[in-house]
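*Asks:* The sequence and its predicted three-dimensional model are supplied below.
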Amino acid sequence: QKEVEQNSGPLSVPEGAIASLNCTYSDRGSQSFFWYRQYSGKSPELIMSIYSNGDKEDGRFTAQLNKASQYVSLLIRDSQPSDSATYLCAVKKSSTLGRLYFGRGTQLTVWP
Amino acid sequence: EPEVTQTPSHQVTQMGQEVILRCVPISNHLYFYWYRQILGQKVEFLVSFYNNEISEKSEIFDDQFSVERPDGSNFTLKIRSTKLEDSAMYFCASSDRAGLTGELFFGEGSRLTVL
């Protein structure tokens, strides 16, 4: 079973819409959750981190965590063409010292 | 804004050769990492490093690989006797704290092509 699973997409939304990206994880020992954005050929860029159940908002981004369902999501409001990228979900587990386990990412396209 | 810098941005090498990838972590960070991403695949953890020793390594990080912090600023990944399957983007990352709340910041990566 994969540690972190994401729909590969592509997810396509019009400019101004809400993009919803989902991630599930297999290990209940997972404690910390991160969303990274990766443009093609570039490095992962940290967008959000979330550690507790519920919602966390930062500008146009909202991360949602449900540990009981082993589910974490990222909502992007007022999507812009510049948001077009691959979004990586990553988790840390209490059993390891800081290692991130990444999903394969969801490719998002925002069309004008 | 502080950033992680990596050199070279792209290296081409022949199979069997040794390569050294270099990284300068963010200056006040103490925890350093190497990850790799084979084209089209997920980002994979290789190794973490703290206080001049390896904290954790993955099954990928075998005897072919080594890491070193030769001075107060650089953090290097050495790959001995490169193989075709070592072709990937290698990312260095650093964090100011360990544990579950430590956020990792990645460099721009070094693309390694093994011919």
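*Replies:* On my side now, so go ahead.
*Asks:* all contacts plus neighbour counts: C-alpha atoms, from now on.
*Replies:* OK.
*Asks:* Excluding chain neighbours, what is closest to residue 87?
*Replies:* Using chain A here. Distances taken as Cα to Cα, 6 or more residues apart in numbering or on different chains place A:Arg37 nearest to A:Tyr87, at 4.6 Å, with adjacent residues excluded.
*Asks:* Sorry, I should have been clearer: chain B.
*Replies:* Nearest residue to B:Ser87, sequence neighbours excluded (Cα to Cα, 6+ apart): B:Thr113, at 4.7 Å.
*Asks:* Could you list every helix and strand in contact with the helix or strand harbouring that neighbour?
*Replies:* Using DSSP states H and E, B:Thr113 sits in strand B:110-114. Counting contacts by 3 or more Cα pairs under 8 Å, 6 or more residues apart in numbering or on different chains; DSSP states H and E, strand B:110-114 packs against strand B:10-13, strand B:88-95.
*Asks:* Out of the ones you listed, the one nearest chain A is which?
*Replies:* Minimum separation from chain A across these (Cα to the nearest Cα) falls at strand B:88-95, 7.2 Å.
*Asks:* quick one: contacts of the strand holding B:Thr113?
*Replies:* Identification of contacts with strand B:110-114 by Cα atoms under 8 Å, 6 or more residues apart in numbering or on different chains yields B:6-15, B:21, B:82-91.
*Asks:* and that strand with strand B:88-95, angle?
*Replies:* 150 degrees (axes from the mean of the first three to the mean of the last three Cα atoms, to 10 degrees).
*Asks:* Strand B:110-114 pairs with which strands, and in what direction?
*Replies:* Strand B:110-114 sits in its sheet next to strand B:10-13 (parallel), strand B:88-95 (antiparallel), going by DSSP bridges.
*Asks:* contacting residues around the closest residue to B:Ala98 other than its chain neighbours?
*Replies:* Excluding the flanking residues, the one nearest B:Ala98 by Cα to Cα, 6+ apart is A:Gly98, at 5.9 Å. Applying Cα under 8 Å, 6+ apart to A:Gly98 gives the contacts A:92, B:48, B:98-100, B:102.
*Asks:* So for the residue in chain A positioned nearest to chain B, what's the pLDDT?
*Replies:* Going by Cα to the nearest Cα, chain B is nearest to A:Arg104 of chain A, at 4.5 Å. At A:Arg104, the pLDDT value in this model is 95.
*Asks:* Could I get the contacting residues of it?
*Replies:* A:Arg104 makes contact with A:5-6, A:8, A:88-89, B:41-43 under the criterion Cα under 8 Å, 6+ apart.
*Asks:* just the buried members of those residues?
*Replies:* With burial judged by 16 or more other Cα atoms under 10 Å in any protein chain shown, the buried subset of the contacts of A:Arg104 is A:5-6, A:8, A:88-89, B:43.
*Asks:* one step back: who's the residue nearest to B:Ser87 bridged to?
*Replies:* Beta-bridge partners of B:Thr113, counted by DSSP bridges, are B:Val12.
*Asks:* Next: A:Ile50.
*Replies:* Going by DSSP bridges, A:Ile50 forms beta bridges with A:Phe33.
*Asks:* What residue, apart from its backbone neighbours, is nearest the residue of chain B found nearest chain A spatially?
*Replies:* Here the residue of chain B nearest chain A is B:Lys42; by Cα to the nearest Cα that distance is 4.5 Å. Distance criterion Cα to Cα, 6+ apart; nearest residue to B:Lys42, sequence neighbours excluded, is A:Arg104 at 4.5 Å.
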